[in-house]
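*Asks:* Just need the structure, nothing else, for what follows:
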Amino acid sequence: MFGWLSQHSDILSIFTTVGSIIIWLGFSQYLYMEMRRHRHPRLLINVGKRKDIHALCIISNMSDEPVMIEYLIAELETSQGKITQEISGTVVSLSNSQQGPLGPDDFFHIGTFNRIIRHLADGAGIEMDGHRPEGDVSFRSLTIRLVGVFGPESLPIAAHRCFRLKPEEEYCVLSPATPDTPQLTKRWQRHRVRKWIEEINRGDAAFSRSAR
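*Replies:* Just a heads-up that it's a prediction; the model follows:
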C-alpha cells in the first residue's frame, strides 16, 4: 500500500491540488452570494391589518442598509383609463415623521389606501359616493411605486405592487395582485427607473389620465 502511494505520489498530489481548488472556488462562490444577498435592496409594500381600502399602506425596508425614499407614485386604473400622480409630500402621512433614510427593518405608512384613491380621484375630477366613484367610472386597481437610493450606488432602485379593487355593498375589498413586492434592482431596470425620475422632474408624470 505504501509502495503504491509512493509510486503514484505525483498523481495524488495533482488530485489533491485540484480538489483543494474546487473546494476554495465553491467556498468563494458561497461568500460572494452571501455578500450579494446582504447587499441586495428589498422594499416591501403591504396592507396594514384590514383587508379593505381603509387599511394603511405600509412601506418597509428589509435591506441590510438604509434606503432613501425619493419618490412615491400612485397609479389608479379605472374603466376609463389610468390616473398617475406623484404623492410625495401631498397625501403622505408618515407615522414616524420619516425625514432621512429608511433604516434596515424600519417602516412607515403613507396613510390609508382610501385616502390615496380619493386624492387621485379628486385630482382627476371624479366625484365619489362613499367608496364608489359616481357616474359610469369604476375603479379596478391601485398600484404603488417607490423610487429610492440604496447605499453608495448611483443608479436608483424601485419597487412596486398592484392591489385589485373589488367594490362590495358597504366597503371595497383590497387584494394584492402579487404575493410579494416586485423589485426593480437589476441594472437595466434601474436605467428605466431613472427615466421615470426624469419624467417626474419634467412634470410629465405629475398627473396623467390616459383613455383606453
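*Asks:* Just name the shakiest helix or strand of the protein by mean pLDDT.
*Replies:* Least confident helix or strand, the chain: strand 207-210 with a mean of 48, by mean pLDDT, DSSP states H and E.
*Asks:* Roughly how far does the residue positioned nearest the centre of the chain sit from residue 200?
*Replies:* Central residue of the chain (C-alpha atoms, centre = their mean): residue 159, 2.0 Å from the mean position. From residue 159 across to residue 200, the span is 16 Å (C-beta to C-beta, to the nearest Å). The way it works is simple: take the backbone N, C-alpha and C, and place the C-beta from them, glycine included.
*Asks:* Confirm the residue nearest to the centre of the chain sits in a strand?
*Replies:* Yes - Residue 159 forms part of a strand when assessed by DSSP: H, G, I helix; E, B strand; the rest coil.
*Asks:* what is it paired to in the beta sheet?
*Replies:* Beta-bridge partners for residue 159, by DSSP bridges, are residue 146, residue 183.
*Asks:* Can you check the pLDDT for it?
*Replies:* What the model reports for residue 159 is a pLDDT of 95.
*Asks:* how close does it sit to residue 138?
*Replies:* Distance from residue 159 to residue 138, by C-beta to C-beta: 27 Å.
*Asks:* pLDDT below threshold where in this protein?
*Replies:* By pLDDT under 70, the low-scoring segments of the chain are 1-16, 18-20, 23-39, 89-100, 203-212.
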